[in-house]
Structures are given as structure tokens and as C-alpha cells.
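Participant: attaching a predicted model along with its sequence, questions to come.
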Amino acid sequence: MASLSLLRIFFEVSRLIGLSNLHYDHRKQFFRHDHVPTIAYCLLLDVAYVLVLPIATVVLTGNLYTCPDMGMFAAVYNVVGLVKLVTVVLLMGSVWFQRRRLQNLGNEFLAMLRRFRFAMGNDCRRRCLWKLLLTTSRFVLMVQQLLVRDSLIKCKMSSKFERSLAPIFSAAMVFSLLMLLLVSYVDLTVYMIQVNGNWLLENMSQNAREMVQDLKTLPKRNGNIRNMGLRQVLRAWQRVWERCMRLDRVLQQLLEIFQWQLLFNLLTTYIFNIATLFRMWIYIEYDQNFHLWKGILSAIIFLVHHVEIMMQFSVFEINRKKWQELFDSMEGLWFMTCFGNRCESRHELVLSRKLEFFLLYLSRKLQREPQRVRRLHIAGLFDLSLHSVHRMTRSVVSNVLVLCQIAYKIYG
């Protein structure tokens, strides 16, 4: 099982960096919350994170405005870029206060993979690898923020004492990259589970279409052969129903656990995108040492970062489309049972009534009224869809244009 081996590596890395305080038993393939060495290791590491985080933030931003070679726009860019690290405190609290829910989520997810003989297909693996590759743009932007000419690390210190603190600045920089890894790991986990859920929904739609084909091959007259075929279709539908309920529980728990983390991550990303785009415009417009290749490279990095954000949104949009495809497939199966005709057997009547209930459930899930259903809304405040990311993009561009007008008015 190559996919489960990859998942084991994924879980072990999350425990190594202190993100998961649950022990993964690879023999029984489930998570344990009472493994004392894992709890002690993660507790010490997370406490160290929380204690070192304010110190590292002060080190990287404390003397930022006294740097002689740094302008106001560069200082604002560096401060805004480090705001994302504050969400780590929320992440640490969520990891410890919701240990049981995380354990149930992980075990439900693993049981779903085992029970339905899940093997990560090429499409799932390809999407996750693309997401992993594009996520590296976050680290490139962070390194650029910390090591470019305008950063505090490269600032010309005025005293020998300040120059002697360069190793501390370097340690704070490494710590900030580790904090960014924690935040990115959560996004990657949510994306991976959603991609696997979309693949499973596609398989359920395929099963429903196969059941429609089976019903078409059954004889029209009521008899033993038709009743036997209807019983087989009913058992197949029952498996799809159980699979659907398990998947819905996993996806619902996923959003309930990480919704605030996703919300603050999106907020800091939105602010950082404005600062990054505005800084790129300042560099192109006012920098005396402007190089075309540096401007092109900065634009490419920003676009890659924006595409990575769009991938995070698109997976939820695809999830809604997969639920809609399942609804259409089940609707076709319901039409094939006894719609428009009188159900002549008990099996036809039972299958028809269960399909009606399933369609009502899916219709309830797919309705777009946010006042009634908020399955795809973060804390009831933000909708996870491509429409939202397009609105966020337009807002970023409009805010950057306003800042550019202010800069022109002040500095000419």
C-alpha cells in the first residue's frame, strides 16, 4: 500500500515538527491520544514555540524603523509579512484543545481509506504534488523578505554590538521559516483530504451510473430475476449511502476543526498580497538599481503564490461540483426505478423511497442559501469558492491602486 506509506511519512513529519500530538500506530493504522512520549515531546516543542515566537518577532521587527537604509514601504512590507506567524499561536491552541476531535477525524479518514479500498490515484497524487510545489512560493517570499537588500538582516548596523547580534537574527529567521512550515502544513493537510474526498465522490457517481445500467438490463416484467437484480442494486446503493455518510462526516469535521485557522490564514494572506504587489510596484517605479530580470522574477513568484491560493479555493469548488454530479447520478437512478409507473414489487418501492430520501439529503446539502446551510463557509463569514477568490483578487488590485495614488500624491 504505497499510499498508506506516504500517509505514514506525512503523519510522522507532522509529529516531528510538533503539529500533531497524536501517535500513529502503523500496525493497526489508527491514531492514539494516550502515547506519553509523543505527548511529552510535542508539549515541550509547542511550549518552546509559543515562548520563542514573541522573542523572534521582536528581534526581526524591534529595530526595523531605526534601520538607516530602509524606507517606510519596505518596513511596512516586512511587518505585514511577519503577521502570518501570529496565527501559529491559534494553531497550537487548536492542536491541544481539540485533540479528541483530531483523533476522531484522523481515524475516520483512515477507516474510510481502508474500508473502501482506497488507493491514491494518479490524479490525487498529481494534485497534491502540484500543491506542494506551489506552496514553496511562500518560503521563497519569506526568504526574499528576510534576506533582500531592504530587510533587517541586511541592514547596516551602526554599532559593533548590533553587528554581534547577527547570529541571533539568523536564528530568528530560521524560526520564522519553521513557523511558516507549520501554517503551510495545515493548508496542505486540508487540501489533501479534500482532494481524496473529491476522488471518492467521483467513484460514487460512477457506481450510481453503473446501477442505472444494471436496471436497464433487468427484464421489465416482475419476477424472480428482476427481484434478485433489485436486491443487488439495493445492496449496492446501501454501500454508496454508507460511503457518502462517512465522507460527509469527515469533511464536516475537517472544516469545523480548522475553520478559524483557515480564516486567519486567508486574512493574513490577503494583507500580505497587497503589501507584496505594492512593494513590487515601488521597486519598479522608484528603485534606482532596478533590473528587469528581478522585476520579472518577483512577478512570477507573486503569480505562483496567487495560483497556490486559488488551488486552495478550487478544491472546495470541485467538491461542490462532485456532490452535484452525485445528485444527478442518483436522480437518474431514481427515474429508472418506478418514477411515472406504479411500483409492482416491494423492492422497487423500498429502493424508490430510499432514493427519494437520498435526493432530499443531497438537495439540502447543495442549496446555496448561507442562512440555512454553511457547510462551505468558514465560521459563517467566508465562502470557500472560486467566486470568493476572484472577489479577493479584485479587492487586492483595487487597494494597491489606491496605495499607488497616495504614493504619487505624497512623493510625486
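Facilitator: Thanks, I have it.

Participant: so where is the stretch 201-350 of the chain shaky, pLDDT-wise?
Facilitator: 287, 338-347 (pLDDT under 70).

Participant: where do the helices sit along it?
Facilitator: 224-286, 292-337, 346-366 (DSSP state H, counting those that start in this stretch).

Participant: which ones are touching residue 354?
Facilitator: 234, 237, 241 (CB atoms under 8 Å, 6 or more residues apart in numbering). Yep, even glycine has a C-beta here, placed from its N, CA and C like the rest.

Participant: how about 10 Å then?
Facilitator: Applying CB atoms under 10 Å, 6 or more residues apart in numbering, we find residue 354 in contact with 234, 237-238, 241, 334, 337.

Participant: give me the buried subset of these.
Facilitator: In those, burial by neighbour count holds for 234, 237, 241, 334, 337, counting by 16 or more other CB atoms under 10 Å.

Participant: which pair in these spans the largest distance?
Facilitator: Spatial extent of the buried ones among the contacts of residue 354 (CB to CB) is set by the pair 241 and 337 at 15.0 Å.

Participant: coming back round to it: tell me the one among the contacts of residue 354 nearest to residue 177.
Facilitator: Distances from residue 177 to those, taken by CB to CB, are shortest for residue 241, at 45.7 Å.

Participant: spatially nearest residue to that closest one, not counting backbone neighbours?
Facilitator: Distances taken as CB to CB, 6 or more residues apart in numbering place residue 358 nearest to residue 241, at 6.5 Å, with adjacent residues excluded.

Participant: correct me, but the one you found touches residue 240?
Facilitator: Yes: using CB atoms under 10 Å, residue 358 is in contact with residue 240, at 8.6 Å.

Participant: identify the contacts common to the two.
Facilitator: Shared contacts of residue 358 and residue 240, counting by CB under 10 Å, 6+ apart, come down to 208, 326, 330, 333.

Participant: can you redo the residues you listed as CSV with neighbour count?
Facilitator: Formatted as CSV, the shared contacts of residue 358 and residue 240 follow (neighbours: other CB atoms under 10 Å):
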residue, neighbour count
208, 24
326, 24
330, 26
333, 25
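
Participant: nearest to residue 186, out of these: which one, please.
Facilitator: residue 326 (27.6 Å).

Participant: quick one: residues contacting that closest one.
Facilitator: Residue 326 neighbours (CB under 10 Å, 6+ apart): 201-208, 240, 244, 358, 362, 365-366.

Participant: measure it to residue 43 for me?
Facilitator: Separation of residue 326 from residue 43 (CB to CB, to the nearest Å) stands at 42 Å.

Participant: number of residues surrounding residue 406?
Facilitator: 10 (other CB atoms under 10 Å).

Participant: and it, how far is that from residue 400?
Facilitator: 11 Å.

Participant: swap in residue 12?
Facilitator: In terms of CB to CB, residue 12 sits 41 Å off from residue 400.

Participant: more neighbours, those two?
Facilitator: Neighbours per residue, other CB under 10 Å: of residue 12 and residue 400, the larger number sits with residue 400, 19 against 12.

Participant: hang on, that one packs against residue 302?
Facilitator: No: using CB under 10 Å as the test, residue 400 is too far from residue 302 to be in contact (11.2 Å).

Participant: which residues are in contact with both of these two?
Facilitator: Residues touching both residue 400 and residue 302 (CB under 10 Å, 6+ apart) are 273, 276-277, 279-280.

Participant: quick one: which of the residues you listed is nearest residue 130?
Facilitator: Nearest to residue 130 among these, with distances taken as CB to CB, is residue 273, at 20.1 Å.

Participant: verify the contact between that closest one and residue 308 for me.
Facilitator: No: with contact defined as CB under 10 Å, residue 273 does not count as touching residue 308 (11.3 Å).

Participant: any stretches of the stretch 51-200 of the chain with poor pLDDT?
Facilitator: 61-83, 115-123, 148-166.

Participant: which stretches of it form helices?
Facilitator: Taking DSSP H, counting those that start in this stretch as the criterion, the stretch 51-200 of the chain carries its helices at 72-83, 87-97, 99-115, 122-147, 160-164, 166-217.
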